[in-house]
Structure formats: C-alpha cells, structure tokens
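S.K.: Fold the following for me, if possible:
(2 chains, ligands or ions: 2)
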Amino acid sequence: MHIVVCAKQIPDPETPPAAFKIDAATNKVVPAQGIAPVLSQFDGIAAEAALRIKEAGGDGKVTVISMGGESAQAAIKQVLAMGADEGVLLNDPAFEDGDSHTTAKVLAAAIKELGDVDAVFCGRQAADWDMGQVGLLIAENLGWPVTIIAKGVALEGNALKVERVLADGFEKTEVNLPAVVTVSNEFGEPRYPKLPQIMAAAKKTVTKKTAADLGLDPSEVGKAGARLQLQKLFIPEKGAQVEFIEGETPQEQAANLVAKLKADKAI
Amino acid sequence: MPHNILVVGELDGGTPSSTTLELLNGAQGLAGGGSVSVSLLGTGASAAAAQAAGASKAFVSDDANYDTFRGEQWLPAVQAAVEQSGADLVLMGQTTVGRELGPRLAFRLNTAVAMDCVAVTDNGGTIEATRPAYGGNAQATYTFATTPAVATVRAKSFDPATGGGAAETVELPAAGESRVNVTGKEVTESAGLAITEAPIVVGGGRGLGAPEAFEDLKNLAAAIGTDKAAVGASRAAVDLGWFPPSEQIGLTGKVVTPDLYIAVAISGASQHMAGCSGSKMIVAVNRDKDANIFAFSKYGIVGDWKQVVPALIEEFKKG
Ligand SMILES: Cc1cc2nc3c(=O)[nH]c(=O)nc-3n(C[C@H](O)[C@H](O)[C@H](O)COP(=O)(O)OP(=O)(O)OC[C@H]3O[C@@H](n4cnc5c(N)ncnc54)[C@H](O)[C@@H]3O)c2cc1C
Ligand SMILES: Nc1ncnc2c1ncn2[C@@H]1O[C@H](COP(=O)(O)O)[C@@H](O)[C@H]1O
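M.R.: Numbers count the residues shown, from 1 in each chain, chains lettered A, B, ... in the order given. Ligands and ions are numbered 1, 2, ... in the order given. Modelled structure (predicted):
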C-alpha cells in the first residue's frame, strides 16, 4: 500500500489579525515578522490518516509531496518526522502564482511518475486560500474516484471505507483503490513528532523535481497556465464600532444591554 | 452584457432548496437579458421546476438514484445541462454538492471554479467572483480566463427569488454508475431550531471552560425564545468535544447570518468570523476587552460569562 500525502506550506493561519498585511501592488500577503510559515493544518491530519493505515497494514509506504519554494522542505520534513518514508519537493519558478488547476496538474504529474501509488490523501482545503479543490482535481487528472471531507478512513482489502462529513451528520462510503481522499479536522489531531523522529527525518530522502523533470511545459503551469485570475486581494472592512455596556454589576450590565437591544428592535 | 446562467439546483423535500432560490435570484440580477436555467435532479424534480422561481428553463431528471448525492452520477447530467443551456456562468451552492461538483465540473469543461464566493458580479461584461481567503482575513476578487465561469456561492449571499417557475422542462438522462458507494448515513439530531435558520444565534467558545456551560447557553437561548434562538459553537469548543461538529460556526463549519449573534467566550478568530460576520448585529461577552470579537461587535460586555450569562437569562425572562 503506497499512499501519497499532498502537503502545502502556508503562512501561519493563526497569525493575529493585526499582523495580517497585504501588499496592494502585488496582491500578496506580506509575511508577518517573526511568524514562520507552517504545514497547512489539514495536510498534517491527512498525513496522520495515511500513517495510521500504513501502521495498521504493517508494510505500507507513505510519500509526502509538496509543490512550493525551497522553504517547503520544512513542511516535508515535518511529515517525514511524523513517520512518512520519502519526500518529493516540486520546485520550479515556473510553478509560481498558479491556480488550483495548475497545482493539481503538477501534483498529478508527480504522482503518475511515482507509478505505484494506491491512494492520494489531501487536506480538505489549504488553510491559506481555502479553495478545497486540489484533491478533487488530482482525482480528475488521474481518472480516479474521490471522496472528500473525511472524518474517518480505513483500509479493508482493496477498498477504502471513508466516513464523510455532511451538513447534518456524516455518510459512510466505500471506494476501491486507487482513489483520492481529502481529510477534515473531524478526523482528529495529528501526532506530534519527538526529537529522535525529527533527527531521523533529517536523514530521509527528499527528491527535487522541476517542470522539465515531470515533462510539463512552462506554459501550462504556474501563472501562465492559470485559469482563475486574481484581480484584487484586500482586507475587508470590519464595520462595527463597539459600544461597551456600562454597569456596576453584571445584573446592571445585562439590563442595560437588553434595553439597548429592545430599542434597536434586535430582539 | 447578457449572460446565460445555469443554476445547479438542489431539492429539499421535493422543492428547490433555499440556496437554490437564492442563486436563482442572483442569476436573474446578473443575466441582463440573457437566460436563466436550472438543473434539478432526483425525486420530484419535474414538479419542483414549477417552483424554481426566475428560471425560464429547467433541466430535470426524476430518477431516485440522484436523491443521494454521488458526484460521479451528477457530473454527466449537470455537464449536459451546462452544454445544452449554453451557459457562460454556472452557479451552485457551497454545499456538499457544490464542494465536489464545482471543481470536477470545471475540470471536465476545461474551465475554472471559484469556491465559496460571497459575491458574483458583472463588471462591464466580465464576471467577477469575490471570496474570502486566508481564513477570512482577506477577500480575493477573481476573473476567469476560460468559459463558462463556475462559482460556488455561500448561503444567504442573495435574497431568495420569488414568483413563477420554469415554463419549459428538458429531460436529463437517468443516473449512471458511481465508483463511490454510499453504504449508510448518520444524521446528527439537533433539537429545535437550526442555527442556519434561527433569527438569533448564541455562540459558545473555549472560554466557557467546560462542556456543561453549553447548558447555560441553551438556557439563555430558551429565555430569549425557543422559536427564535439556537446555540452554536466555535471550533475550539467543538474540537474539545463540548458540542457537536454539526453545530460548529465558521470557515469549516456552518455559516450563520442571524439578525443577532451573541458570542460568549469566543475570541473572534478570522476563521470563526468567516461563519458569522454576515450577522446583522453581533454582541459579545468576553472577559478580555481587547478580544478581536469586539472589533465586529455593536455592543460588548467585558466580564466573566459565569456572571453575565445568568444575569442575561434573568433579564430576558422578564420579557
Ligand atoms: C484552517 C482553519 C479553519 C478553522 N475553522 C474554524 C471554524 O470553522 N470555526 C471556528 O470557530 N474556528 C475555526 N478555526 C479555529 C480558529 O482559528 C480559532 O482557533 C478558534 O475559533 C478559537 O475558538 P475560541 O474563540 O472559542 O477560543 P479562544 O481563541 O481560546 O478564545 C476564548 C475566548 O474566551 C475568553 N474567555 C476566557 N474565559 C472567559 C470567561 N470566563 N468569561 C468570558 N470570556 C472568557 C477569552 O478572553 C478568549 O477571547 C480554524 C482554524 C484554522 C487554522
Ligand atoms: N502546493 C501544494 N503542494 C502540495 N499539496 C498541495 C498544494 N496545494 C494544495 N495541495 C493539497 O490540496 C489540498 C487542497 O488545497 P486547495 O484546493 O488549494 O484548498 C491541500 O490540503 C493539500 O493537500
């Protein structure tokens, strides 16, 4: 059983709103000072799901793939420290400023090249752009079935049993390998690598690949191949100017608040 | 410039869902003399076409195999509807259906989708889609280099359409095979009003300190009125197992747009606000006067919820 985990490095989504800045000229987020980029949260959970299947089966292999800059090595190393076996960094200036379509194209090409892959696990969405597309598009590129927003994944014979989250509960699904699954936070917390595992990860192989290595033309990836074109990235207005409710006691505050809500016809 | 628009409809108990009616209204506003069509799949689809307000044409199949959404069954049908309607814009909800269908349909039509949009507009003939990004800290406006433009749209982004439904219906083929089998479903029972429908929502966060505190919030909702108020939670509270995931508010939970949102012991992280910032009014109870939630609130009480919530319950009970 060979599972590929797709893992993206992103600006820390828990960056305090006050430190979140956009450069209007380039439509890009200005990296917050002193806050290091992180492995996108759901991708750590996807890795956890893959590793549990590998451990339950005893003889599997997990490969982590990331498309990104040189710094994305850190995200790869983190998944290797969790227990993944090998890493692949897809790194080429031509890959930059693409969209979900070009990202999935590059990742699918890298997965095809590995050859013996049985399943691909992605996060439900990358916690920077929050698109939630790439897993589905990898599946379409490969012609594989896909099931998304999983809260449980188990391997039974040649099939994955996936519980997927719905608006009003969850659904049990079954899909034969090879398949793509995207994993949500309802799955649970990813493991936290300890120092010896972090040291061991440093020795694991990370292969680097460019567009040419994957047989991709620069015109079909990155900004050149993108179909969705970002016109403007901006910080929306918050609007409200808070009025703190006065009162000597909580009872007085409560009475004052309810009076204001009544006056506003909010209740 | 006129646009031909296809709304990928969903049925809710045999009638077009509230999101479908919202999209139909949005589509009418954007069509500018072009056509608005709708696709409806599953039991009762042809009858529901007459209730798809604002659509002139409905692409339907009553095949009950469509009742449970399976992407691989819906895709060819919706693709046929797009092609036959000549749509240059396809709208669907940011629902279980849209989340899967959006990207896969876009792939098959050699185009792109913008997910979870809060606005779709026409700027001098060019379709623009605006969506939150970076956990709600930012918004991004996109155009499409390819046609049709596809967008999944967040609930309550448009008012629902009213009036007459589709006069013309076109049959779509029955459902084919799916490689993903659905073997069962578990529905989380939620007593009372749904958080997405309630005019008043009380949200509880990690600062409540313990699961029992949600009983106090339920009492607060009951004091406001069981026919008016419902209780939801932040993800931090849900992850701690204090409240069911189906009642989570935020980016990865439900989007609520009540008249009044009362946030109790919630810090107001962008990912939480992504699910409630569309509320008409926000009121917050938090012991930290610098909490981010106050930046979104009309009124704030700085204090310990353990004292403030019982006092609010008393006050609401007075009527
Ligand atoms: C990709 C991603 C997606 C996410 N999706 C969501 C989502 O859908 N929904 C969501 O909610 N979050 C989401 N989050 C998490 C989000 O970033 C925050 O971590 C979360 O919202 C914090 O929840 P909280 O406000 O309850 O807890 P905290 O941030 O811990 O805040 C607790 C608050 O309670 C106050 N408090 C403490 N004690 C008291 C007291 N006794 N009385 C009054 N006030 C008190 C504190 O001052 C504090 O402001 C997501 C995060 C990521 C990275
Ligand atoms: N640059 C990338 N490198 C590796 N995996 C990615 C990348 N971008 C997206 N993914 C994967 O696709 C998922 C969904 O991403 P998105 O569609 O961008 O929200 C992520 O959770 C990752 O698993």
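
S.K.: hmm, stretch B:14-24 touching chain A?
M.R.: No. Using C-beta under 8 Å from any C-beta of the partner chain, stretch B:14-24 never reaches chain A; the gap is at least 10.7 Å. The C-beta positions use only the backbone N, C-alpha and C, and glycine is treated the same way.

S.K.: Ok, stretch B:228-246 next?
M.R.: Yes. Stretch B:228-246 reaches chain A (C-beta under 8 Å from any C-beta) through B:228, B:235, B:239, B:245, B:246.

S.K.: how about the residues of the stretch 151-300 of chain B near ligand 1?
M.R.: B:205-207, B:234-237, B:248-253, B:265-267, B:269, B:271-272, B:275, B:285-288, B:291 (C-beta under 6 Å from any ligand atom).

S.K.: buried subset of these?
M.R.: The neighbour-count test (16 or more other C-beta atoms under 10 Å in any protein chain shown) marks B:205-207, B:234-237, B:248-253, B:265-267, B:269, B:271-272, B:275, B:285-286, B:291 as buried among these.

S.K.: and residue 89, how many neighbours?
M.R.: Here I'm looking at chain A. Neighbourhood size, residue A:89 [other C-beta atoms under 10 Å in any protein chain shown]: 20.

S.K.: my bad, the chain I had in mind was chain B
M.R.: 25.

S.K.: So it sits against residue B:32, correct?
M.R.: No. In this structure, residue B:89 is not within contact of residue B:32 by C-beta atoms under 8 Å, at 10.9 Å.

S.K.: joint contacts of the two?
M.R.: residue B:3 (C-beta atoms under 8 Å, 6 or more residues apart in numbering or on different chains).

S.K.: Could you find the closest non-adjacent residue to residue B:240?
M.R.: Once flanking residues are discounted, residue B:240 sits nearest to residue B:206: 6.9 Å by C-beta to C-beta, 6 or more residues apart in numbering or on different chains.

S.K.: For the one you found, which residues are in contact?
M.R.: With contacts defined as C-beta under 8 Å, 6+ apart, residue B:206 is in contact with B:234, B:236, B:237, B:240, B:265, B:266, B:267.

S.K.: ditto for residue B:281
M.R.: By C-beta under 8 Å, 6+ apart, the residues touching residue B:281 are A:264, A:266, B:259, B:260, B:261, B:298.

S.K.: out of these, who's nearest ligand 1?
M.R.: Lowest distance from ligand 1 to the contacts of residue B:281 (C-beta to the nearest ligand atom) belongs to residue B:261, with 12.3 Å.

S.K.: that's a helix at residue A:141, yeah?
M.R.: Yes. Assessed by DSSP: H, G, I helix; E, B strand; the rest coil, residue A:141 belongs to a helix.

S.K.: Go ahead and confirm it touches residue A:105.
M.R.: Yes. With contact defined as C-beta under 8 Å, residue A:141 counts as touching residue A:105 (6.3 Å).

S.K.: In terms of neighbours, single out the busier of the two.
M.R.: Neighbour tally, residue A:141 and residue A:105, criterion other C-beta under 10 Å: the higher count belongs to residue A:105, 22 against 19.

S.K.: can I assume that one sits in a strand?
M.R.: No. Looking at residue A:105 with three-state DSSP, it is helix, so not inside a strand.

S.K.: can you pull the pLDDT of it?
M.R.: The model reports residue A:105 with a pLDDT of 98.

S.K.: for residue A:240, same thing?
M.R.: Looking at residue A:240, its pLDDT stands at 69.

S.K.: Same question for residue B:190.
M.R.: What the model reports for residue B:190 is a pLDDT of 71.

S.K.: just the one 3 residues further on next, same as before
M.R.: Per-residue pLDDT puts residue B:193 at 89.

S.K.: hang on, the earlier thing: can you select the buried ones from the contacts of residue B:281 in ChimeraX?
M.R.: Provided next is the ChimeraX selection string for whichever of these are buried by 16+ other C-beta under 10 Å:
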select /A:266 /B:259,260,261,298
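
S.K.: right, and the pair among the contacts of residue B:281 with maximum separation?
M.R.: Spatial extent of the contacts of residue B:281 (C-beta to C-beta) is set by the pair A:264 and B:261 at 13.7 Å.

S.K.: Measure how buried the one residue in the stretch 51-200 of chain A that gets nearest to ligand 2 is and give me the count.
M.R.: Among the residues of the stretch 51-200 of chain A, residue A:123 lies closest to ligand 2, at 2.5 Å counting by C-beta to the nearest ligand atom. Here the number of neighbours of residue A:123 (other C-beta under 10 Å) works out to 26.

S.K.: Can you give me the buried ones in the host helix or strand of residue A:75?
M.R.: Per DSSP states H and E, residue A:75 falls inside helix A:73-82. Using 16+ other C-beta under 10 Å as the test for burial, helix A:73-82 gives A:73, A:75, A:76, A:77, A:78, A:79, A:80, A:81, A:82.

S.K.: List the residues that contact residue A:232.
M.R.: Counting by C-beta under 8 Å, 6+ apart, residue A:232 touches A:27, B:140, B:141.

S.K.: Bridged to it, which residues?
M.R.: For residue A:232, the beta-bridge partners under DSSP bridges are residue B:141.

S.K.: On the pLDDT front, check it for me.
M.R.: Reported pLDDT for residue A:232: 97.

S.K.: Tell me which stretches of the stretch 101-250 of chain A form strands.
M.R.: Taking DSSP state E, counting those that start in this stretch as the criterion, the stretch 101-250 of chain A carries its strands at A:119-123, A:146-156, A:159-166, A:169-176, A:179-183, A:206-209, A:228-234, A:243-244.

S.K.: Can you pull out the low-pLDDT segments for chain B?
M.R.: Within chain B, no stretch has pLDDT under 70.

S.K.: residue nearest the centroid of it?
M.R.: Computing the C-alpha centroid of chain B and ranking residues by C-alpha atoms, centre = their mean puts residue B:155 first, at 3.0 Å.

S.K.: Could I get the contacting residues of that residue?
M.R.: With contacts defined as C-beta under 8 Å, 6+ apart, the neighbours of residue B:155 are B:18, B:19, B:22, B:93, B:94, B:95, B:196, B:255, B:257.

S.K.: would you list the residues you listed in JSON lines and tack on secondary structure, distance to residue A:189 and neighbour count?
M.R.: Formatted as JSON lines, the contacts of residue B:155 follow (DSSP: H, G, I helix; E, B strand; the rest coil; distance: C-beta to C-beta, whole Å; neighbours: other C-beta atoms under 10 Å in any protein chain shown):
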{"residue": "B:18", "secondary structure": "helix", "distance to residue A:189": "35", "neighbour count": "16"}
{"residue": "B:19", "secondary structure": "helix", "distance to residue A:189": "32", "neighbour count": "26"}
{"residue": "B:22", "secondary structure": "helix", "distance to residue A:189": "36", "neighbour count": "23"}
{"residue": "B:93", "secondary structure": "strand", "distance to residue A:189": "30", "neighbour count": "26"}
{"residue": "B:94", "secondary structure": "coil", "distance to residue A:189": "26", "neighbour count": "22"}
{"residue": "B:95", "secondary structure": "coil", "distance to residue A:189": "27", "neighbour count": "22"}
{"residue": "B:196", "secondary structure": "coil", "distance to residue A:189": "27", "neighbour count": "18"}
{"residue": "B:255", "secondary structure": "coil", "distance to residue A:189": "25", "neighbour count": "21"}
{"residue": "B:257", "secondary structure": "coil", "distance to residue A:189": "31", "neighbour count": "19"}
